[in-house]
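Student: Compute the structure for the input listed below.
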Amino acid sequence: MSITAYGNKIPSENIFEASNCVIYNFQQQRYGIGLDLSIDDNLTDSIILKNITLANNYYGIKASKSMTKFPIIQDSIIAKNTRGFDVSEGINVFNITYTCIYNDGWDGNTYGYGEGCIFKDPIFADLNNGDFHLKSTGGRWDGSKWVTDTDASPCINAGNPASDYANEPEPNGNRINMGVYGNTFQASKTGNGSVQPTTNPAGGETTTPMTTKSDGETTTHGATNPDRETTTTNAKPTASGTILIGSTTASEKETLRKPSVKKITKGSKRLTVTFNKMKNSGKVFYEIQYSTKKKLKKATKTLKVSAKKTKVIIKKLRGNKKYYVRIRAYQTKKINGKNKKVYSVWTKVKAVKTKK
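Tutor: So this is what the prediction gives:
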């Protein structure tokens, strides 16, 4: 895959986003490139790559020598390539975060990567046959059913803690997996999962990640429901917001209902969010996320709200600007003798424009 972007004007929105892709088997020496980048530095922060798997290429990523920093790469795997990178020596790699980097050759200046990066074998199911599901003792999707492995990939539950993981099957560790199947129903499970469905656990509709092979053909990889045509709609989380931590033993299963937003009132450079207080056992707190970006993955702020409040005023916003808002509940519970935070799923994102 090649990404080229030039220009002097910095866009207000992202100019390119890609997620849940596999690029592999471009192996010709010096010319086998998984991801070829040629981007002006003022545009790199407007290009976002999430849950990308780059594997079994000669070069994982090649960047033009004029580039001084990478675009935003997150929750991804750059592994099992002959050389991880072909870039200028001084290029800044801090935009690569929560990514597994493990190649036969040059992996760059490992001390310069952003937070959350790991440098371990991702333990794919079958690299040679293009199966990039992560091995798991808790459950791995093999194309038709869930199977278990004796090994567990370090990329499971290793993505950005702020990334959405709601589409991953339980137990999911309350955190997204790295790689192409992160935040899809095919994501490998956490720990010793006991739920082993033989069909799509989301009820028939599948998220089929894009796969690009060395012959240039774009295909899909993974199982589909035999009773339906293949779709690309996202699997939906359960309405109750069931959260499983570590495994599915009865003592660890916790359910927390999500709150509901009653209204969002717009004001001059401010928004007032009113929501229903949840009737859960114990003290429940809330998080409100807001951003000018629709997907709430960039330029996002989070407010912590006390258990007593049902109305919050978000101040110091930009006037006459559209903001996207969502909310979730959380509480601390003692599970197997340890205090853990249990979260509900996020509410549906609401868009509101501030006054001048």
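
Student: Against Val325, how distant is Val273?
Tutor: Here the criterion is C-beta to C-beta, to the nearest Å. By it, Val273 lies 6 Å from Val325. Heads up, the C-betas are built off the backbone N, CA and C, glycines and all.

Student: Equivalent analysis for Ile23, please.
Tutor: Ile23 sits 35 Å away from Val325, going by C-beta to C-beta.

Student: When these two are compared, which one has more neighbours?
Tutor: For the pair Ile23 and Val325, the greater number of neighbours falls to Ile23 (25 against 19), based on other C-beta atoms under 10 Å.

Student: pretty sure that one contacts Leu35?
Tutor: Yes. Judged on C-beta atoms under 8 Å, Ile23 makes contact with Leu35 at a distance of 6.3 Å.

Student: Identify the contacts common to the two.
Tutor: Met1, Ile52, Leu54 (C-beta atoms under 8 Å, 6 or more residues apart in numbering).

Student: ok, the first one - how many residues close by?
Tutor: Same thing as Met1. 17.

Student: pretty sure it contacts Leu37?
Tutor: No. Between Met1 and Leu37 there is no contact under C-beta under 8 Å: 9.4 Å.

Student: Strands of the stretch 151-300 of the chain, start to end?
Tutor: Remark: strands assigned in the stretch 151-300 of the chain by DSSP state E, counting those that start in this stretch are 210-212, 218-220, 242-244, 253-255, 261-267, 270-275, 285-291, 300-305.

Student: Quickly, which of these bottoms out on average pLDDT?
Tutor: The stretch with the lowest mean pLDDT among those is strand 242-244, at a mean of 24.

Student: Can you tell me how far Gln27 is from Thr274?
Tutor: Look at Gln27 and Thr274: by C-beta to C-beta, they are 57 Å apart.

Student: Contacts only, for Ser314.
Tutor: One thing to correct before we go on: residue 314 is Ile, not Ser. Arg270, Leu271, Thr272, Val273, Ile288, Tyr290, Leu303, Tyr323, Val325.

Student: In the stretch 201-350 of the chain, where is pLDDT below threshold?
Tutor: Low-confidence regions of the stretch 201-350 of the chain, defined by pLDDT under 70, span residues 201-256, 279-281, 298, 335-338.

Student: Could you rerun that using 50?
Tutor: 201-208, 211, 213-254 (pLDDT under 50).

Student: How about the stretch 51-200 of the chain?
Tutor: 109, 193-200.

Student: Correct me if wrong: Ile91 contacts Ala63.
Tutor: Yes. Ile91 is within contact range of Ala63, at 6.2 Å (criterion: C-beta under 8 Å).

Student: who has more neighbours, those two?
Tutor: Between Ile91 and Ala63, counted using other C-beta under 10 Å, the more crowded position is Ala63 (24 against 18).

Student: Kindly provide the distance from the more buried one to Thr44.
Tutor: Counting by C-beta to C-beta, the gap from Ala63 to Thr44 is 10 Å.

Student: got any residues that touch both of the two?
Tutor: Common neighbours of Ala63 and Thr44, using C-beta under 8 Å, 6+ apart, are Phe70.

Student: From the shared contacts of Ile23 and Leu35, which land in strands?
Tutor: Among those, the members found in strands (DSSP state E) are Ile52, Leu54.
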